[in-house]
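Enquirer: Dropping the sequence and predicted coords here.
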Amino acid sequence: MSKNPLNRREFMRYGAGAAAMAVGNRFAFQPGSLRAAASPLKPTAPRSGATLNLVPEKPGKTPSYWCTWGLQNYTLDNADENNHSMVANNLTEEQLFGHPGWVANYFQKVRADLYVLFDLGWDVPPGLQFDRERWRLGTLELATGKFPSCTGTPTERLRKLDERTKAAGWRGAGIWVAAQAPGDGRDGRLMDDKALEAYFRERARWTRDAGIGYWKVDYGARGGNPDFRRLVSRIAREEAPGLLVEHGRGCGPVNDEVVSWEKLVANKKGSYRSWDNGRILQQAVELISFSDVLRTYDVTAYFSVPTTLDRVAQILAEAARLRGGPGLVNCEDEPFIAAALGCALGVMRHPLARELKNKPYDPYQVKKRSDEMTRAVRWQRLAPAVRAGKTKVLLDSSFLLDHWVFKEGETWATWLFGQEAVQGAPARVARGMALPKVKADGPAPYVIASRHPQGAIAVATLPRISKDKGFYLPRADVAIDIGDGDFPVGVFGRYRTLTLSLSGRLGARHIWAQDLAGDEATDITEKVVRAATSITLPGESINSIGLSAATPGDLSEPGLVLQVI
């Protein structure tokens, strides 16, 4: 539940996931296997008067989702970060499908690509107070008091929720699953192993028969037990083939810092790798070794980029050494990290703009940056998320550091108030290709890139934060290799220049580009600098093209797809 100001769950140590499969237009989730399909044909230049759309109309298969948790919080006038019962009570059929209609109103262009992840509250009866009695959670039975149209057996209720979600245009329903059975933790006792297995097998069958595609396992008495998480993943594979199970190593929102609920070593270097002397990273890598999806976990809005990027980079680098089939990384609400490094998304943002009194939790105004999500999700129709270990990972030896002094109210992590915190990440990260070349006159942006196993290439620049400047995105000259130029290139963020170097001659070919939020490509050959074996895009051209289909009032950074034809 990233960037969520009101999330102060006291998560346990860590957990584990299920068998991982590759996904996307060219790969399908098949438990225990990888099935490849044919690559799409390279587009040809349109005839005079015709139009060209570089983005496939068919929804992608990357298992990303839009999560209800952020809106559950931000629509409460008296939200209390210590009261999860209040937040859970705010998840209702009326809020989702009636007024204001969270499911009915957002992300129209990419709904079919995304699950709706119904977070904590969907199976909690109205008015239930559980913060001091968490053993009450985990029924996995849709609360009919909140969802009155979803009646019948537990399976029938879930099926109706999924059908209603699909009828609104989404991929389907995913559900939050407590890492426990009801009663676990009461008086320090846990359900016996045989009863626990039978309990989750029954609920996996409910899920299978209802058509639910995704479980987000989180927040419970067994959340820190890897054996439990392995059990859940094994049960899902056996009882509900195709069901994706997400796990995560629960941790604090700022890397290498202390937290209020767990004893660990905080070296205060801002590094995920050094946190608890490397143990947190190793636990995350253990999880991804048998997970469908590993979520990188909660962050602050102020450090979202460096905190998330470092987690993604270090996990991918370590997972590349694993045998077998590590799962996908879910980088939560960082769309350009997902697009440029082949990760799944757990979208938290929403365009419901409102301010919470004395709680400046949205300094980057992500609620006004919905187009970024649209661009990232549509790019992954061309280059679906890639499982960890599938491609080689390179990390820059240069480690950039960002600084911020947290004022009271700027984060739910109250122990950070008044402190100068530091977060960092590798200056450059690459998957399946060489590191980008970057030249900046002053501070540089984070620059990340990847080559998809099927050929598509993506590059992104990411913003920095400073206690003196606030958020800023330095402009730099960036260069990457794109081989023979036969595959699409995704470009995200802002640049001084971007140079695409080819392995052969460009010849008389033209360059077409398109805002990933739009549906029509433009011949930009005259707007770039062409050389025998390279193409250089001025930053102004990237901005112009990559924002050409922007939603009025949206503050998103540019995102475009380019094709040499």
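Expert: Everything's here; your move. Being a predicted model, the structure only gives us computed values, none of them experimental.
Enquirer: CA only for contacts and neighbour counts going forward, please
Expert: Noted.
Enquirer: residues touching Trp96, list them.
Expert: That one is not Trp; residue 96 is Leu. For Leu96, the contact set (CA atoms under 8 Å, 6 or more residues apart in numbering) comprises Trp102, Val103, Ala104.
Enquirer: Contacts only, for the most centrally placed residue in the chain.
Expert: Centroid-nearest residue in the chain, with CA atoms, centre = their mean: Leu345, separated by 2.3 Å. Counting by CA under 8 Å, 6+ apart, Leu345 makes contact with Pro63, Ser64, Tyr65, Asn330, Cys331, Glu332, Asp333, Glu334, Pro335, Ala338.
Enquirer: all helices of this protein, in order?
Expert: 69-74, 84-89, 93-97, 102-105, 154-167, 193-210, 226-239, 279-288, 304-319, 335-341, 370-379, 539-546 (DSSP state H).
Enquirer: As TSV, those with mean pLDDT and distance to Gly121 would be great.
Expert: Formatted as TSV, these follow (pLDDT from 0 to 100; distance: least, CA to CA, whole Å):
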stretch	mean pLDDT	distance to Gly121
helix 69-74	90	9
helix 84-89	95	4
helix 93-97	96	11
helix 102-105	92	15
helix 154-167	98	14
helix 193-210	98	17
helix 226-239	96	20
helix 279-288	95	26
helix 304-319	97	25
helix 335-341	98	26
helix 370-379	98	25
helix 539-546	98	38
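Enquirer: which stretch among the ones you listed comes nearest Phe471?
Expert: With CA to CA as the criterion, Phe471 lies closest to helix 304-319 of these, at 10.6 Å.
Enquirer: Quick one: list the elements packing against that closest one.
Expert: Applying 3 or more CA pairs under 8 Å, 6 or more residues apart in numbering; DSSP states H and E, one finds that helix 304-319 contacts helix 279-288, strand 393-395, strand 420-426.
Enquirer: mind giving me a markdown table with the ones you listed and columns for distance to Gln129?
Expert: A markdown table is the format used below for the helices and strands packed on helix 304-319 (distance: least, CA to CA, whole Å):
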| stretch | distance to Gln129 |
| --- | --- |
| helix 279-288 | 31 |
| strand 393-395 | 46 |
| strand 420-426 | 35 |
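Enquirer: now the ones you listed in TSV, with distance to Phe406 and mean neighbour count?
Expert: Listed next are those as TSV, based on distance: least, CA to CA, whole Å; neighbours: other CA atoms under 10 Å:
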stretch	distance to Phe406	mean neighbour count
helix 279-288	24	23
strand 393-395	29	22
strand 420-426	7	22
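Enquirer: still on that earlier bit, biggest separation within the contacts of Leu345, which pair?
Expert: So, those by CA to CA: farthest apart are Pro63 and Glu334, at 14.9 Å.
Enquirer: so where's the protein uncertain?
Expert: 1-41, 79, 81, 324, 353 (pLDDT under 70).
Enquirer: at 50 instead, please
Expert: For the chain, applying pLDDT under 50 flags the ranges 1-40.
Enquirer: hang on, the earlier thing: among the contacts of Leu96, who's most crowded?
Expert: For the contacts of Leu96, neighbours were counted using other CA atoms under 10 Å, and Val103 has the most, 22 neighbours in all.
Enquirer: I figured that residue hits Ala168, correct?
Expert: Yes: using CA atoms under 8 Å, Val103 is in contact with Ala168, at 7.1 Å.
Enquirer: about what we covered before: for Lys392, which of the helices of the chain is the nearest?
Expert: Across those, closest to Lys392 is helix 304-319 (CA to CA), at 7.8 Å.
Enquirer: buried residues in the closest one?
Expert: Neighbour-count burial for helix 304-319, counted by 16 or more other CA atoms under 10 Å, picks out 304-319.
Enquirer: do the same with stretch 536-554
Expert: Buried residues in stretch 536-554, counted by 16+ other CA under 10 Å: 536-539, 542-543, 545-550, 554.
Enquirer: next one: stretch 291-304
Expert: 291-304.
Enquirer: Now do the phi/psi pair for the residue nearest to the centre of the chain.
Expert: phi -120, psi 140 (degrees, to the nearest 10).
Enquirer: burial measure for the residue lying closest to Asp77 once chain neighbours are set aside, as a count.
Expert: Nearest non-adjacent residue to Asp77, counting by CA to CA, 6 or more residues apart in numbering: Leu356, 7.8 Å away. By other CA under 10 Å, 15 other residues sit near Leu356.
Enquirer: So what pairs up with Leu356 in the strands?
Expert: Counting by DSSP bridges, Leu356 is bridged to Lys359.
Enquirer: ok, it to Val259 distance?
Expert: With distances taken as CA to CA, to the nearest Å, Leu356 is found 24 Å from Val259.
Enquirer: and if you look at Gly342?
Expert: From Gly342 over to Val259 (counting by CA to CA), the distance is 30 Å.
Enquirer: Please verify my assumption that Asp362 contacts Thr300.
Expert: No: between Asp362 and Thr300 there is no contact under CA under 8 Å: 9.5 Å.
Enquirer: Start and end of stretch 380-387, how far apart?
Expert: 13 Å.
Enquirer: whoops, stretch 438-446 was the one
Expert: 10 Å.
Enquirer: Run through who's touching that stretch.
Expert: Contacts for stretch 438-446 (CA under 8 Å, 6+ apart): 400, 425-428, 447, 461-464, 473-479.
Enquirer: again with stretch 45-54
Expert: Pro43, Ala513, Gln514, Asp519, Glu520, Ala521, Thr522, Val561, Gln563, Ile565.
Enquirer: Who's the closest spatial neighbour of the fourth one, skipping the chain neighbours?
Expert: Computed as CA to CA, 6+ apart, the closest residue to Asp519 that is not its neighbour in sequence is Asn53, at 5.4 Å.
Enquirer: burial count for the one you found?
Expert: 17.
Enquirer: swap in the one 5 residues further on?
Expert: Residues lying near Lys58 (other CA under 10 Å) number 11.
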